[in-house]
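[1] okay, structure incoming, though there's no sequence with it:
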């Protein structure tokens with residue numbers, strides 16, 4: 001079997017005010033970007049405080065002072081180990097976050113959602129190298145044939161691995177920003193924690209990309225949020241996760257999005273029934289947390305080229321076989 005050439009190993013790193021990114025961490029990743037520069041510790045401390053405050057606002061039952069819970073985050077770094085004809089190599093495949101909820105009242109630690117943020121060098125390659133090159137040669141032609149097949153195959157392989165099953169009890173939920181190229185419409189459905197549900201007019205490129213990973217999407221705007229989020233999931237989002245689990249991903253990812261996309265998620269007005277997100281919106285507030293958006297965009301290209309040189313090209317034939325098998 002072609003997939004027997006690949007195994008996975010997992011490393012955990014606490015995301016706290018003392019966090020420093022590992023050498024193999026993508027520096028454009030939400031949590032890594034915050035942990036750089038002169039204000040790194042202040043950034044981290046304020047971010048963690050925002051997450052805790054938002055979690056307690058969502059988990060308000062039996063929580064009269066709004067301080068019962070604290071969210072603890074682990075960065076899950078997944079390395080792909082490659083064993084081909086006595087040649088052993090490894091590549092930093094993805095990084096996600098796992099949340100735990102600390103109940104100060106009972107002293108209990110409760111497992112939260114795994115996933116949340118999603119960091120991938122191969123995705124950088126797909127969107128910042130492969131897709132850009134294709135667009136230059138074929139303007140207005142959409143995406144190349146098989147776009148996202150390799151990344152989807154690798155992700156599914158990880159989810160079916162012993163490494164995933166040994167470490168996580170439920171499938172991941174990835175919570176991302178909605179697309180600024182699509183319009184979203186309220187459906188009339190409302191969940192007690194996830195809030196108002198939206199649908200979009202057509203799938204975004206990110207929706208299609210995550211579908212290759214075996215993930216469906218639903219859009220919800222939680223109570224006291226100002227815009228919907230895209231929740232990528234496997235199975236039944238509303239039935240498979242508890243309210244505390246859902247609160248862990250909402251509080252974590254809303255905090256990151258307020259920092260990175262304040263035009264959408266820290267806007268001063270709430271999304272209407274028909275909503276078109278815009279990064280050109282000027283009516284928004286800034287957090288006290290600093291990051292460099294221009295550097296983030298530039299580094300995505302550099303990181304995509306790193307994946308191309310270290311992983312895509314050296315194992316091109318092997319990866320092509322994997323993509324072909326998964327696509328059928």
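    Perfect, thanks for sending it. Source: prediction; values computed, not measured.
[2] which strands or helices does the helix or strand harbouring residue 70 pack on?
    Residue 70 belongs to strand 69-84 when assigned by DSSP states H and E. Other elements packing on strand 69-84 under the criterion 3 or more CB pairs under 8 Å, 6 or more residues apart in numbering; DSSP states H and E are strand 6-15, helix 40-58, strand 87-103, strand 108-120, helix 149-159, helix 243-260. To be clear about C-beta, it is placed using only N, CA and C from the backbone, and glycine gets the same treatment.
[3] right, and the ones you listed - which one's nearest residue 179?
    Among these, helix 243-260 comes nearest to residue 179, with 13.1 Å by CB to CB.
[4] which neighbouring elements make contact with that closest one?
    Partner elements for helix 243-260 (3+ CB pairs under 8 Å, 6+ apart): helix 30-34, helix 40-58, strand 69-84, strand 87-103, strand 108-120, strand 173-177, strand 229-233, helix 262-265.
[5] those: lowest mean pLDDT?
    Lowest mean pLDDT of the helices and strands packed on helix 243-260: helix 30-34, a mean of 64.
[6] how about the helices and strands packed on helix 243-260 in a markdown table, adding mean neighbour count and distance to residue 5?
    Output for the helices and strands packed on helix 243-260, formatted as a markdown table (neighbours: other CB atoms under 10 Å; distance: least, CB to CB, whole Å):
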| stretch | mean neighbour count | distance to residue 5 |
| --- | --- | --- |
| helix 30-34 | 23 | 29 |
| helix 40-58 | 19 | 38 |
| strand 69-84 | 19 | 5 |
| strand 87-103 | 19 | 10 |
| strand 108-120 | 21 | 20 |
| strand 173-177 | 22 | 26 |
| strand 229-233 | 24 | 27 |
| helix 262-265 | 20 | 41 |
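[7] burial of residue 11, as a residue count?
    Residues near residue 11, counting by other CB atoms under 10 Å, number 14.
[8] what bridges to it?
    Per DSSP bridges, the residues bridged to residue 11 are residue 77.
[9] what's the average pLDDT for stretch 132-141?
    Stretch 132-141 shows a mean pLDDT of 85.
[10] how far off centre is it?
    26 Å (CA atoms, centre = their mean, to the nearest Å).
[11] then stretch 312-321?
    25 Å.
[12] wait, what's in contact with the nearest residue to residue 111 once chain neighbours are set aside?
    Among residues not flanking residue 111 along the chain, residue 100 sits closest, at 6.2 Å (CB to CB, 6 or more residues apart in numbering). Counting by CB atoms under 8 Å, 6 or more residues apart in numbering, residue 100 touches 71, 72, 73, 74, 109, 110, 111, 112, 248.
[13] can you list those residues in a markdown table and add distance to residue 13?
    What follows is the contacts of residue 100, written out as a markdown table (distance: CB to CB, whole Å):
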| residue | distance to residue 13 |
| --- | --- |
| 71 | 16 |
| 72 | 12 |
| 73 | 10 |
| 74 | 7 |
| 109 | 17 |
| 110 | 21 |
| 111 | 18 |
| 112 | 16 |
| 248 | 18 |
